[in-house]
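K.L.:
Give me coordinates for this.
(one chain, ligands or ions: 1)
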Amino acid sequence: MSELVLYIGNKNYSSWSLRPWLALEGCGVLFKDVVIPFDFPAGNPEIRKISPTGRVPVLYHGEVRVWESLAIIEYAADLFPQAGLWPQDIEARALARSYCMEMLSGFRSLRNACPMNIRREIRAIDLPDGVMDDVARIETIWRDAIARSGGPFLFGRFSAADAMFAPVVNRFEIYELTSDPTSLAYMSAVKTHPAFQKWQAAALQETWIVPEDEA
Ligand SMILES: N[C@@H](CCC(=O)N[C@@H](CS)C(=O)NCC(=O)O)C(=O)O
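P.N.:
As a prediction, the model looks like this:
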């Protein structure tokens, strides 16, 4: 089989890149990553060359091109059904996909006000309207999923659902958005997962600064 190559943005900042990267890495799918940094004020022209949307992540697999974080995860799940990217049980899988679609299409107040930033110190900021509504909905998702599965991850063992929420784990931590014990325990499970630690270690080596993502 051809090699899977995942083109991603800066590991420090690129939340959409983290999602499929972590899903694949955390579920043992072998792939190579190529970082194309956003270190140009008007965007990196290299990203437009490799991606039909001019955005990352994008996956190359032989002649196949897959873009959009969730589509990449679905493609990997089709290729490697034994990897457990999604929960086995059909109801749990439907729930996981519903939560992931909420993540993909929603929580804009939180995403806009509180950019992912792996190296940032922990420091609260003034929050615009809507951010705490997003936080409340995410905490409901986490609480319901963990009550159903028993944890430590949303569906018991690590899955794509955890990968889709991993950038939010970083945001909750660095902007001090929660003190809820269930959320903190879940965040700790994600942050100490070897795949997340691997991403974090690489992010901390990066030196690019993107001013608009430094809240
Ligand atoms: N919906 C897309 C979002 C992709 C996206 O917005 N990627 C950002 C990085 S996190 C990007 O490529 N930005 C480059 C640019 O805007 O120049 C996905 O889920 O993959």
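K.L.:
mind giving me the domain ranges of this protein?
P.N.:
According to automatic domain parsing, the chain comprises the domains 4-83, 90-197.
K.L.:
Get me the contact residues on this protein for the ligand.
P.N.:
9, 14-17, 38, 43, 47, 55-57, 68-69, 104 (Cβ under 6 Å from any ligand atom). All C-beta atoms are positioned from the backbone trio N, CA, C, and that covers glycine.
K.L.:
do that again at 5 Å, thanks
P.N.:
Proximity of the chain to the ligand is confined to 9, 14, 16, 43, 55-56, 68-69 under the rule Cβ under 5 Å from any ligand atom.
K.L.:
what would the domains of the chain look like in a markdown table with mean neighbour count?
P.N.:
Shown next, in a markdown table, are the domains of the chain (neighbours: other Cβ atoms under 10 Å):
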| stretch | mean neighbour count |
| --- | --- |
| domain 4-83 | 18 |
| domain 90-197 | 18 |
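K.L.:
what comes into contact with the lengthiest helix in the chain?
P.N.:
Counting residues, the longest helix found in the chain (DSSP state H) is helix 131-149. With Cβ atoms under 8 Å, 6 or more residues apart in numbering as the test, helix 131-149 has contacts from 92, 95, 99, 102, 106-110, 113-114, 152, 154-156, 161, 165, 168, 172, 177-178, 180, 182-183, 186.
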